[in-house]
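Q: Using only what follows, build the 3D model:
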Amino acid sequence: MSTTIYKKYIGVGNRYIIPSDCLFTSFCADAQDYWDRLTASNGGVEVSGVLYSITDCALKIAINNWFIGVQSLQKRNAYLYIGGTAATHAVSAYTAAPSEDLSFVSITHSNLGITFNGITSYANTSILAGSETPDTGLAARYAQSTGAGTIQTFMGTALTAASVFLLSRSQLTPATRLSGTMFSESGLCTRPTLTAFAASSGFACISSLAGVLNLYQNGVVVNTSTGTACGAKPISNIYIGAKNVLGTASVFFKGTMSFNAVGFTDGTTLTTITNNLNNSLNR
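A: All right, here's what the predicted structure looks like:
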């Protein structure tokens, strides 16, 4: 049960929800919309905090804090993977038309997030890379369980070797590396590939803002560039856990992801706020 009240609050919106089991805690409008769709996807039953060894109230507060924290950031969509099932994990953080909820292929679902087998697994965001603005980004919070000698995709799509929107990790000699490649059309077209040493788990992000591309690892910029000449934007949907080349998935990821996002350009703030959410969920 909950009570809905309305009042003015500059910069946040005017819809607040006070759950009966969490008195004096209110939801901002975006968090409430997400919670409503999450509940609907769960057969009309609210997701329980027991999944994460916390109270229902603590779960609601953690979700609400994430939405409040990213409210001022540039964004397109995100996937929080709350609820432990395919139906709940598919729900995107923000409503969009057409729907940007996920569809899954060979994914295992748990309270930890979504797990990929490294062979056939991927998720389709239904977000067309070619429709993205010049200022955009890709982000993934990951735990990887793969051997050496492989390249794996966190998120991305490609049209040709010169038309790529990709965030990936390679375990190749001499060192494991994090890589990001993306188009930018702010000023001259740029498509650099940025690389840095990569941890086996963490938070990776690549963003383009005002013609400058940044590669983040765990909230820190580890490489930056204004880029080199590139081709046209990719025309396929952005996949999670694989590279989408004109509808065919390849370069698969093996491991678990607990968060993904498209369109965020501030990798430092996004990392902090998202890690706070996942730490609250004990994952």
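
Q: Look at A31 and tell me its secondary structure.
A: helix (DSSP: H, G, I helix; E, B strand; the rest coil).

Q: Skipping adjacent residues, who's closest to it in space?
A: Of all residues not flanking A31 in the chain, F67 sits nearest, at 3.9 Å (Cβ to Cβ, 6 or more residues apart in numbering). C-betas here are computed from N, CA, C, even on glycine.

Q: For the closest residue in space to I240 that isn't next to it in sequence, pull up the helix or strand it's in.
A: Among residues not flanking I240 along the chain, A123 sits closest, at 4.2 Å (Cβ to Cβ, 6+ apart). Using DSSP states H and E, A123 maps to strand 122-128.

Q: Each with direction, which strands does that strand pair with?
A: strand 103-105 (antiparallel), strand 237-240 (antiparallel) (DSSP bridges).

Q: In it, which residues are buried?
A: Residues 122-127 are the ones in strand 122-128 that count as buried (16 or more other Cβ atoms under 10 Å).

Q: just to revisit the earlier point, and the residue nearest to A31, what's its pLDDT?
A: Reported pLDDT at F67 in the predicted model: 97.

Q: Ok, A86 next?
A: At A86, pLDDT is 98.

Q: now it: how far from S103?
A: Going from A86 to S103 by Cβ to Cβ, to the nearest Å gives 9 Å.

Q: Kindly report the same for S121.
A: Going from S121 to S103 by Cβ to Cβ gives 12 Å.

Q: neighbour count winner among those two?
A: Using other Cβ atoms under 10 Å as the criterion, S121 and S103 rank with S121 on top: 22 against 14.

Q: got a list of what that one touches?
A: Residues near S121 by Cβ atoms under 8 Å, 6 or more residues apart in numbering: 105-107, 115, 241-242, 252-253.

Q: any residues touching the host helix or strand of the residue nearest to A31, and which ones?
A: Counting by DSSP H and E, the element that carries F67 is helix 56-69. Defining contact as Cβ under 8 Å, 6+ apart, one finds that helix 56-69 is touched by 12, 19, 21-22, 25-28, 30-31, 34-35, 46-50, 52, 54, 80, 82, 93, 269, 272-274, 276-277, 280-281.

Q: which of these are buried?
A: 19, 22, 26-28, 30-31, 34-35, 46-47, 49, 52, 54, 80, 82, 93, 273-274, 277, 280-281.

Q: In helices only, show me those.
A: 30-31, 34-35, 273-274, 277, 280 (DSSP state H).

Q: Quick one: the helices in the chain, in order.
A: Counting by DSSP H, the helices of the chain are 29-41, 56-69, 86-89, 267-280.

Q: Of all the ones you listed, which one is nearest A158?
A: helix 267-280 (21.6 Å; Cβ to Cβ).

Q: Check which helices and strands the closest one sits against.
A: helix 56-69, strand 136-144, strand 201-209, strand 212-217, strand 220-225, strand 254-262 (3 or more Cβ pairs under 8 Å, 6 or more residues apart in numbering; DSSP states H and E).

Q: What strands line up against the third one, and which way round?
A: Looking back up the chat, that one is strand 201-209. Counting by DSSP bridges, strand 201-209 is paired with strand 136-144 (antiparallel), strand 212-217 (antiparallel).

Q: Save those as a markdown table, and put in mean pLDDT and distance to A199 too.
A: A markdown table is the format used below for the strands paired with strand 201-209 (pLDDT from 0 to 100; distance: least, Cβ to Cβ, whole Å):
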| stretch | mean pLDDT | distance to A199 |
| --- | --- | --- |
| strand 136-144 | 89 | 9 |
| strand 212-217 | 86 | 7 |
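
Q: Any chance of these in JSON lines with mean neighbour count and distance to Q74 as columns?
A: Output for those, formatted as JSON lines (neighbours: other Cβ atoms under 10 Å; distance: least, Cβ to Cβ, whole Å):
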{"stretch": "strand 136-144", "mean neighbour count": "24", "distance to Q74": "8"}
{"stretch": "strand 212-217", "mean neighbour count": "22", "distance to Q74": "13"}
